[in-house]
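> Take this sequence and fold it.
(one chain, ligands or ions: 1)
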Amino acid sequence: MKINGTPMRTIRPGADGASVEIIDQTKLPHRFEMLTLASVEDAKQAILTMQVRGAPLIGVTAAYGLAFALRRDASDAALADAIALLAKQRPTAINLKWALEEVRRVVEPLPAAARASAAFDKAGAIAEDDVETCRRIGMHGLELIRAIAAKEPAGAPVNILTHCNAGWLACVDWGTATSPIYQAHDAGIAVHVWVDETRPRNQGAALTAFELGSHGVPHTIVVDNAGGHLMQHGKVDICIVGTDRVTANGDVANKIGTYLKALAAHDNGVPFYVALPYSTIDWTIASGRDIPIEERSSDEVLKLQGRLANGALVTVELAAPGSPAANPAFDVTPQRLVTGFITERGVAPATRAGLISLYPEQCESAA
Ligand code: MRU
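Next comes the predicted model:
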C-alpha cells in the first residue's frame with residue numbers, strides 16, 4: 001500500500017541482497033523509520049519487541065531469521081535451535097511456526113552449504129505468497145462490502161468496524177481484514193471504518209488509523225468500549241477482524257477484546273467476519289480451548305507511549321502506583337459468534353465443514 005503516494009511493504013530484502021529492511025512499528029505513527037535485520041538475534045528481537053508484529057509478518061520475519069541463522073551454522077542442530085528460538089517469541093500466532101516449518105521442509109534435505117541461500121529464497125517466496133493471498137482475501141471480501149453497499153441509501157458509506165491491526169502493517173502488503181476495505185475504497189464504494197484503539201498497545205489508533213489515513217480511507221478512532229454502543233445504534237454494518245490462529249472447528253484467536261466485539265455483534269445482528277490466509281489455520285487443534293495465549297508485560301497496561309508537542313517520544317505512567325496488572329494479549333472467539341471466514345479461496349461459514357469446503361485437501365489431517 002502507499003505512504004505519501006509511495007508503494008511500501010513491511011519487509012523487503014536489503015540492497016546488499018543479504019539482509020532485510022523492516023518498518024520499525026514501535027515508532028509509528030509518530031516516526032517512520034526503517035531498520036536493517038541481518039542476524040537471527042536481530043530477527044528475534046524485532047519479533048519480541050514488536051518492531052514487526054501481526055501474524056503473517058512475524059512469520060515472514062522468522063523465516064528470514066532462520067536463513068540468517070543457517071548462514072552462521074547450517075547443521076541440523078543449529079536449524080532445530082534457531083526454529084525453537086524464533087518460534088517461542090510469540091506463542092499465539094500460528095503463522096510464526098508455519099513459516100519456520102515451511103523453511104525447514106525446504107532446507108532439511110539439502111547439503112549444509114546450500115541451506116542458507118535456499119532459506120533466504122524461501123523466506124522471499126513466503127513474503128510474495130502472502131501479498132497474493134491477501135490480495136485474494138480482499139477480492140472475496142470486497143463482494144461482501146459491495147452487497148451491503150447496494151442496500152444503503154445512495155452515497156451512504158458502508159460502516160465497517162475493525163479491531164487491532166490486521167492491515168498491511170501486519171502482513172507484507174494489503175492486510176487481511178483491511179484488504180477488502182482497500183479494494184472497496186479503490187473500486188469507488190463509499191466506506192467508513194470504525195477503528196478500535198486496541199489497548200494496551202493501541203495498534204488500532206496507532207497503526208490501522210495510520211494505514212487508512214495514508215491511503216485516504218475515511219475512518220474514525222473509537223475507544224475499545226464504544227463498539228457495543230455503535231452497534232446498538234445501527235452505526236456498524238459489518239465487523240471484519242483478522243486472526244492469529246483458527247482451529248479446526250472454526251474458533252478464532254485474535255487480539256484481546258475481539259470476543260467482546262463478537263458478542264456485541266451477535267446481540268445486535270451485525271455480521272462478524274474473520275479474514276485469514278490458509279497459513280493461520282491450525283488443523284492440529286480441535287478447538288480454541290487449546291490455543292496458547294500470550295501473556296505480555298504488565299508495563300503495556302500500566303504505561304503508555306506518546307509524542308510530546310516538541311516531537312519527543314515519551315512513556316508515561318497511567319495507573320495507581322503499585323497496582324499490579326495482567327496482560328493477556330489474545331482471546332478466543334467461539335465459532336458460533338462468527339458469521340463467516342474470508343479467505344484467499346472464498347467465503348465460508350465458520351465451521352469445520354466450512355473450512356473443509358475451502359480446503360478439502362485437509363480433510364484427513366484435521367483434528
Ligand atoms: O499483537 P499483534 O499486534 O501482533 O496482534 C495482531 C493481531 O491480533 C492481528 O489481528 C492478527 O495478527 C491478524 S494480522 C493479519
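> from the stretch 251-367 of the chain, which residue is nearest to the ligand?
Distances between the stretch 251-367 of the chain and the ligand by Cβ to the nearest ligand atom are smallest at K255, namely 3.4 Å. Quick note: C-beta positions are derived from backbone N, CA and C, even for glycine.
> what about the closest residue to I3 other than its chain neighbours, distance to V131?
Excluding the flanking residues, the one nearest I3 by Cβ to Cβ, 6 or more residues apart in numbering is S214, at 4.8 Å. S214 sits 18 Å away from V131, going by Cβ to Cβ, to the nearest Å.
> Show me which residues of the protein sit near the ligand.
Counting by Cβ under 6 Å from any ligand atom, the chain comes close to the ligand at 53-56, 93, 164, 166, 170-171, 175-176, 203, 242-244, 254-255, 329.
> who touches L212 in this structure?
L212 is in contact with G167, T178, I181, V193, V195, P218, H219, counting by Cβ atoms under 8 Å, 6 or more residues apart in numbering.
> host element of it?
Under the criterion of DSSP states H and E, L212 resides in helix 209-215.
> Same list (the contacts of L212) but as JSON lines, adding distance to T26, secondary structure and pLDDT.
Converted to JSON lines, those look like this (distance: Cβ to Cβ, whole Å; DSSP: H, G, I helix; E, B strand; the rest coil; pLDDT from 0 to 100):
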{"residue": "G167", "distance to T26": "16", "secondary structure": "coil", "pLDDT": "98"}
{"residue": "T178", "distance to T26": "20", "secondary structure": "helix", "pLDDT": "98"}
{"residue": "I181", "distance to T26": "24", "secondary structure": "helix", "pLDDT": "98"}
{"residue": "V193", "distance to T26": "23", "secondary structure": "strand", "pLDDT": "99"}
{"residue": "V195", "distance to T26": "19", "secondary structure": "strand", "pLDDT": "98"}
{"residue": "P218", "distance to T26": "27", "secondary structure": "coil", "pLDDT": "98"}
{"residue": "H219", "distance to T26": "22", "secondary structure": "strand", "pLDDT": "98"}
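> rewinding a little: make sure the residue of the stretch 251-367 of the chain closest to the ligand is actually in contact with A170.
No: contact criterion Cβ atoms under 8 Å: K255 and A170 do not qualify, at 10.0 Å.
> Mind checking which of the two has more residues around it?
A170 (31 against 25; other Cβ atoms under 10 Å).
> Hmm, the more buried one is touching T162, no?
No: using Cβ under 8 Å, A170 is not in contact with T162, being 11.2 Å away.
> Show me which of the contacts of L212 is closest to the ligand.
Of the contacts of L212, the one sitting nearest to the ligand (Cβ to the nearest ligand atom) turns out to be G167, at 7.3 Å.
> mind giving me the domain ranges of this structure?
According to automatic domain parsing, the chain comprises the domains 2-129, 138-366.
> Beyond the helix holding L212, next helix or strand please.
If you walk from helix 209-215 toward the C-terminus, the next helix or strand you reach (DSSP H and E) is strand 219-222.
> Within the sheet, what are the partner strands of that following strand, with directions?
Its sheet considered, strand 219-222 pairs with strand 191-196 (parallel) by DSSP bridges.
> residues near A156, how many?
Using other Cβ under 10 Å, A156 has 12 other residues around it.
> Likewise for N165?
By other Cβ under 10 Å, the residues close to N165 number 32.
> And for S357?
Residues lying near S357 (other Cβ under 10 Å) number 13.
> element containing it, please.
Under the criterion of DSSP H and E, S357 resides in helix 352-358.
> Same check on V301?
Secondary structure from DSSP H and E places V301 in helix 299-302.
> Could you list the alpha-carbon positions for that helix in CSV?
Extracted C-alpha coordinates of helix 299-302, given in CSV (Å, rounded to 0.1, in the frame of the first residue of the first chain):
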residue,chain,number,x,y,z
ASP,A,299,4.1,-2.4,31.7
GLU,A,300,2.0,-2.3,28.5
VAL,A,301,-1.1,-1.8,30.7
LEU,A,302,0.4,0.5,33.3
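> Appreciated, that's everything.
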